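Colleague: fold the following for me, if possible:
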Amino acid sequence: MRDKALRIDMEEKPLQMIAKTVHGLEKVLAEELRAIGAKEILPIRRGVRFTGDKEVLYKANFYCRTSLRILVEIFSFRARYEDQLYTNIRKFDWSTLIGTDNTIAVNAVTNSPIFSHSKYASLKVKDAIVDQFRDKTGARPSVNPTKPDLRIHLHIQHDDCSVSLDSSGDSLHRRGYRQGQNAAPLSEVLAAGMILLSGWDGKGNFVDPMCGSGTILSEAVMISANMPAGTYRKEYGFLRWHDYDQELWERIRGEGEAAIRKPQCTLFGSDKSPIAMRVTQRNFEFMGFYDLLTLRKIPFDRLKGPEGGGVLITNPPYGERMELEDIVAFYSMMGDSLKQNFTGYKAWILSANPTGMKSIGLAADERIVLFNGPLECRYHGFDIYEGKLEEEKE
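Modeller: Sure, this is the predicted structure:
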């Protein structure tokens, strides 16, 4: 309701913002931000700092495929002990942002010997905010950890504290097209980043031979269609802010949707799991692209790449998440299948298992460090061509 809208003044320009991402995708995200008009772009660990106006803020949430959330910094300070954290948070006039009828949530990330427990730091921030309201009005905002009106982020590095507002709400990897998921699904943000890192132009054959619930294939068809990452998403944190500009937001959405084109690719997915195949089918039916997808319940070693070459991107089992009796034999099979059945393709494989990757028996042209959740992975690119291929070297 409008009487619960958040009173956030975004007219002062430029806004100081941070886009969070997966480790290894910082440069990819920086290019996405540059494309929407962001300024003063600076990649940092698992994020990108940038500046811009309200239009850039909205576009960053709507367009950026490799962003997890967009934070707007509102103030910073130094705190060398716990009471200083509480005092500085309480000094800020929170009534300019929320009222007692609003709900809040506080998330903290700490790297400090002073504040070693992030949950405790979050609690101190929450206490300072609600105590300010209670002393002034006798009432206080409520806490809603899942769907708050305002999500507040605290970042502490040693004694440097930064307070930001989360403009995204739920993580931006939640695109809105999932109609179900398989075990251990790949993040949409990581899948999109893998495709962008591959340099794929959105045309021709695109194959995922172990597609699971189809996340890589789904992100690929959206890229080929020039479809904004937030096309199917309905909720953003900034929609509840007092200065929400409905006309601007509708214009941005309208321009993005008008630029959607017919995909110029043909997608092929396979998996040995019939449950995963059904989930992929349902996702593509929801998106309206099922006519572009060929799905086959077939093991990798029996799959032959469509003629004409193309791109293959996949996220095979690592051995840590799924039971696999012989990871070496499995990865060796992948290498043999690529050589025999995917000549003329550029193949990209993400794995956290270095022993397995050595067993592929192909020389990687590119190796990129990425994180899949907590797992450090290597993203290997292979050019598959006729003739003898040298064994991969470290």
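Colleague: after the lengthiest helix in the chain, which helix or strand is next?
Modeller: Counting by DSSP state H, the longest helix found in the chain is helix 118-137. Per DSSP states H and E, the first helix or strand lying C-terminal to helix 118-137 is strand 142-143.
Colleague: helices along the stretch 251-394 of the chain, start to end?
Modeller: 274-287, 327-341, 354-358 (DSSP state H, counting those that start in this stretch).
Colleague: okay, these in a markdown table with distance to residue 50 next?
Modeller: In this view, the C-beta of every residue, glycine as well, is placed from N, C-alpha and C. Shown next, in a markdown table, are these (distance: least, Cβ to Cβ, whole Å):
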| stretch | distance to residue 50 |
| --- | --- |
| helix 274-287 | 30 |
| helix 327-341 | 39 |
| helix 354-358 | 34 |
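Colleague: ok, which of the ones you listed comes nearest residue 116?
Modeller: For residue 116, the closest of the helices of the stretch 251-394 of the chain is helix 354-358, at 32.2 Å, according to Cβ to Cβ.
Colleague: surely residue 166 touches residue 236?
Modeller: No: at 9.8 Å, residue 166 does not count as touching residue 236 under the criterion of Cβ atoms under 8 Å.
Colleague: so where does the residue nearest the centre of the chain fall, helix or strand?
Modeller: By Cα atoms, centre = their mean, the chain has its centre lying nearest to residue 189, at 2.9 Å. Here residue 189 sits within helix 188-198, counting by DSSP H and E.
Colleague: determine the set of other helices and strands touching that helix.
Modeller: With contacts taken as 3 or more Cβ pairs under 8 Å, 6 or more residues apart in numbering; DSSP states H and E, helix 188-198 sits against helix 26-35, helix 215-224, strand 310-314, strand 345-351, strand 366-372, strand 375-383.
Colleague: any idea which of these is most buried?
Modeller: For those, the largest average neighbour count (mean count of other Cβ atoms under 10 Å) is found in helix 215-224, namely a mean of 26.
Colleague: can you name every helix or strand that that one contacts?
Modeller: The criterion is 3+ Cβ pairs under 8 Å, 6+ apart, and the helices and strands that helix 215-224 contacts are helix 188-198, strand 203-208, strand 264-270, helix 274-287, strand 310-314.
Colleague: how about a cut-off of 6 Å?
Modeller: In terms of contacts (3 or more Cβ pairs under 6 Å, 6 or more residues apart in numbering; DSSP states H and E), helix 215-224 is packed against helix 188-198, strand 203-208, strand 264-270.
Colleague: could you say which of the ones you listed is packed most deeply?
Modeller: Using mean count of other Cβ under 10 Å, helix 188-198 ranks as the most buried of the helices and strands packed on helix 215-224, with a mean of 25.
Colleague: chain center to that helix, what's the gap?
Modeller: Helix 188-198 sits 9 Å away from the centroid of its parent chain (Cα atoms, centre = their mean, to the nearest Å).
Colleague: likewise stretch 17-34?
Modeller: Here stretch 17-34 is found 10 Å from its chain centre; the criterion is Cα atoms, centre = their mean.
Colleague: for stretch 192-200, same thing?
Modeller: Centroid separation between stretch 192-200 and its chain, computed with Cα atoms, centre = their mean, is 13 Å.
Colleague: do stretch 188-208 as well
Modeller: That offset, for stretch 188-208, works out to 14 Å (Cα atoms, centre = their mean).
Colleague: name the residues that touch it?
Modeller: Stretch 188-208 is touched from outside by 22, 25, 28, 65-66, 68, 173, 175, 215-217, 219-220, 223-224, 264-269, 306, 310-314, 348, with contacts defined as Cβ atoms under 6 Å, 6 or more residues apart in numbering.
Colleague: how about low-confidence regions in the stretch 151-300 of the chain?
Modeller: For the stretch 151-300 of the chain, the stretches flagged by pLDDT under 70 are 182-184.
Colleague: does the closest residue to residue 371 other than its chain neighbours sit in a helix or strand, and which one?
Modeller: In space, and not counting its chain neighbours, residue 371 is closest to residue 23: 4.2 Å by Cβ to Cβ, 6 or more residues apart in numbering. Per DSSP H and E, residue 23 falls between elements, in no helix or strand.
Colleague: residue 23 reaches residue 46, doesn't it?
Modeller: Yes: between residue 23 and residue 46 there is a contact under Cβ atoms under 6 Å: 5.2 Å.
Colleague: buried ones in stretch 238-255?
Modeller: 238-241, 244, 249, 252 (16 or more other Cβ atoms under 10 Å).
Colleague: can you redo those as JSON lines with distance to residue 361?
Modeller: JSON lines is the format used below for the buried residues of stretch 238-255 (distance: Cβ to Cβ, whole Å):
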{"residue": "238", "distance to residue 361": "50"}
{"residue": "239", "distance to residue 361": "51"}
{"residue": "240", "distance to residue 361": "54"}
{"residue": "241", "distance to residue 361": "54"}
{"residue": "244", "distance to residue 361": "55"}
{"residue": "249", "distance to residue 361": "51"}
{"residue": "252", "distance to residue 361": "48"}
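Colleague: for the residues you listed, give me TSV that also has secondary structure.
Modeller: Below are the buried residues of stretch 238-255 laid out as TSV (DSSP: H, G, I helix; E, B strand; the rest coil):
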residue	secondary structure
238	helix
239	helix
240	helix
241	strand
244	coil
249	helix
252	helix
